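Visitor: Provided below for reference: sequence and predicted model.
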Amino acid sequence: MKCAYRIAWFSLLLLLVVSCQSREIYKPASQAVSNSNYSALALSRESREGLEHWSIDVDLGGQWFLDLKLKYLKEDQVSRLRIDAFGFLAEFSTDNFQEGLTTKKIKIEGFPEKAEVKLTWWKGEEQYEGKEVYQLKWSK
């Protein structure tokens with residue numbers, strides 16, 4: 001009986017510690033936005049180089065998230081693609097980027113004034129690179 005009581009007490013204590021920690025780790029997005037001094041964001045492309053065969057759309061969502069839509073416009077095959085965009089880094093392998101690729105809910109960290117979308121892609125063993133630079137205007 002004494003052992004069962006100790007196990008129950010320990011389990012309750014452990015549950016309390018875990019729930020307190022999770023409140024610190026997982027803050028609601030609405031709380032994070034209300035803590036910032038900004039209420040709006042405007043995004044404009046400042047420059048583009050090396051991406052003439054790519055269609056890139058950046059769609060702003062709520063609470064400082066964005067969706068990135070990419071599409072390869074030529075007929076030849078891109079075998080691999082690396083994306084470095086707004087702090088998001090990922091690599092994809094496929095033989096059909098002409099169908100398009102969408103990455104959703106990329107979080108804009110901090111309040112930068114500029115951000116880049118860098119693409120590195122491979123056609124067989126040959127590597128190509130390009131980037132777009134965006135101006136971010138935060139308003140209160």
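Guide: Structure's in. What do you need?
Visitor: Could you tell me how many residues sit around Leu73?
Guide: 11 (other Cβ atoms under 10 Å). Placement of C-beta: from N, CA and C, glycine included.
Visitor: In contact with the residue nearest to the spatial centre of the chain, which residues?
Guide: With distances taken as Cα atoms, centre = their mean, Ile106 lies nearest the centre of the chain, 2.4 Å away. Going by Cβ atoms under 8 Å, 6 or more residues apart in numbering, Ile106 touches 65-68, 85-88.
Visitor: hmm, which of those residues are the buried ones?
Guide: Buried members of the contacts of Ile106, scored by 16 or more other Cβ atoms under 10 Å, are 66, 68, 85-86, 88.
Visitor: hang on, the earlier thing: in what helix or strand does the residue nearest to the centre of the chain lie?
Guide: Ile106 is part of strand 101-107 when elements are defined by DSSP states H and E.
Visitor: Dump that strand to PDB, keeping only the CA atoms.
Guide: Extracted in PDB, the C-alpha atoms of strand 101-107 (Å, rounded to 0.1, in the frame of the first residue of the first chain):
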ATOM      1  CA  LEU A 101       6.200  22.100 -54.700                       C
ATOM      2  CA  THR A 102       4.600  23.900 -51.800                       C
ATOM      3  CA  THR A 103       6.100  24.300 -48.400                       C
ATOM      4  CA  LYS A 104       3.500  25.600 -45.900                       C
ATOM      5  CA  LYS A 105       3.700  27.400 -42.600                       C
ATOM      6  CA  ILE A 106       7.300  28.700 -42.700                       C
ATOM      7  CA  LYS A 107       7.700  30.800 -39.600                       C
END
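Visitor: Give the partner strands of that strand in its sheet and their orientations.
Guide: Strands that pair with strand 101-107, judged by DSSP bridges, come out as strand 65-72 (antiparallel).
Visitor: Thanks a lot, see you next time.
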